[in-house]
Each structure stands twice: as structure tokens, then as C-alpha cells.
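Colleague: Structure, please.
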Amino acid sequence: MIETLIPAFIPVLSDGVRALVNRFTGSAGAKPANVGEVIQLMQADTEKLKALAELDRTGNVSLWVANIRALQRPVIGLSVITGYVVAVNTGASPETQIQLGQYASMVTFYLFGDRTWQYIRGRN
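Modeller: Numbers count the residues shown, from 1 in each chain. Here you go, the predicted model:
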């Protein structure tokens with residue numbers, strides 16, 4: 001169980017350490033100093049989003065291949081979480097429950113963890 005909780009709190013711990021350093025050094029972190037730097041940061045964000053969109057581009061493939069590729073993540077995520085729920089409710093061995101629980105926590109954090117942490121921090 002502890003090996004499942006440690007990765008979940010890494011972002012919280014890193015933000016805490018960053019806040020302590022900022023408190024002792026009097027720094028508010030990297031802030032743009034002028035309008036030009038704000039525009040550069042916005043352009044960098046736009047380029048990052050374009051690069052991420054390019055990763056999901058399927059290219060010149062059949063529509064059914066693109067559809068199957070797009071469904072892989074949700075189907076595998078649902079399968080892992082369903083497997084864990086079934087293992088717990090059917091009384092599978094403790095080792096199996098622990099292993100499937102770790103997989104289910106990884107999938108759950110992949111789906112919701114980062115977005116939730118950004119929302120908590122106020123960076124929608």
C-alpha cells in the first residue's frame with residue numbers, strides 16, 4: 001500500500017519543497033518581467049499543444065484503424081479497474097488483489113491525478 005501512496009504524493013512534496021525555498025529566498029518563482037516574455041510563454045504553450053496534437057495524429061490510415069487506436073486507452077483502463085473490482089468482490093488471493101490494486105491506482109492517477117492536482121493548485 002505504501003508503494004502506491006508514495007507516487008501519489010510526489011507532486012505535493014515537490015510543491016512543498018518549492019514553496020519552502022521560495023519562502024526562504026523571498027522569490028515568487030519565475031515570473032515574466034514584461035509583456036514580451038508573457039507572449040513568448042504563451043507561444044511556447046501553443047507550440048507544446050501543437051506537438052501533443054501531432055502525436056495523436058494518425059496519418060494516412062483507415063478510419064477503423066484510427067478508431068481502434070483511439071479506443072485502446074479507455075478500454076485498457078476500464079479493463080484494469082474492472083479486474084480490480086471483480087478480484088476484490090470475488091475474494092481473490094491477497095497477492096492478486098494487491099497487484100491489481102497497484103495497476104488500478106496507476107490507471108486512476110493517469111486518468112485523473114494530474115488534472116486534479118492542477119485544479120487544486122489553481123492552474124486550470
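
Colleague: can you give me the strands in the protein?
Modeller: Here the chain has no strands by DSSP state E.

Colleague: Helices along that one, start to end?
Modeller: 2-25, 35-56, 63-90, 94-108, 114-121 (DSSP state H).

Colleague: Can you tell me which of those is most buried?
Modeller: Among these, ranked by average contacts under mean count of other C-beta atoms under 10 Å, first place goes to helix 94-108 (a mean of 15). Any C-beta I mention is one placed from the backbone N, CA and C, and that applies to glycine too.

Colleague: for that helix, packing partners?
Modeller: Contact partners of helix 94-108 among helices and strands, from 3 or more C-beta pairs under 8 Å, 6 or more residues apart in numbering; DSSP states H and E: helix 2-25, helix 63-90.

Colleague: What's the mean pLDDT across that helix?
Modeller: Average pLDDT, helix 94-108: 89.

Colleague: So for N124, what's the pLDDT?
Modeller: pLDDT for N124: 50.

Colleague: Likewise for E3?
Modeller: You'll see E3 listed with a pLDDT of 64.

Colleague: Over to S27?
Modeller: 71.

Colleague: next one: V85
Modeller: 93.

Colleague: Can you tell me how far it is from L52?
Modeller: Between V85 and L52 the computed distance is 31 Å (C-beta to C-beta, to the nearest Å).

Colleague: separation between the residue sitting furthest away from the middle of the chain and A44?
Modeller: Distance from the C-alpha centroid of the chain peaks at N34, with 31.2 Å (C-alpha atoms, centre = their mean). Using C-beta to C-beta, one gets 16 Å for the distance from N34 to A44.
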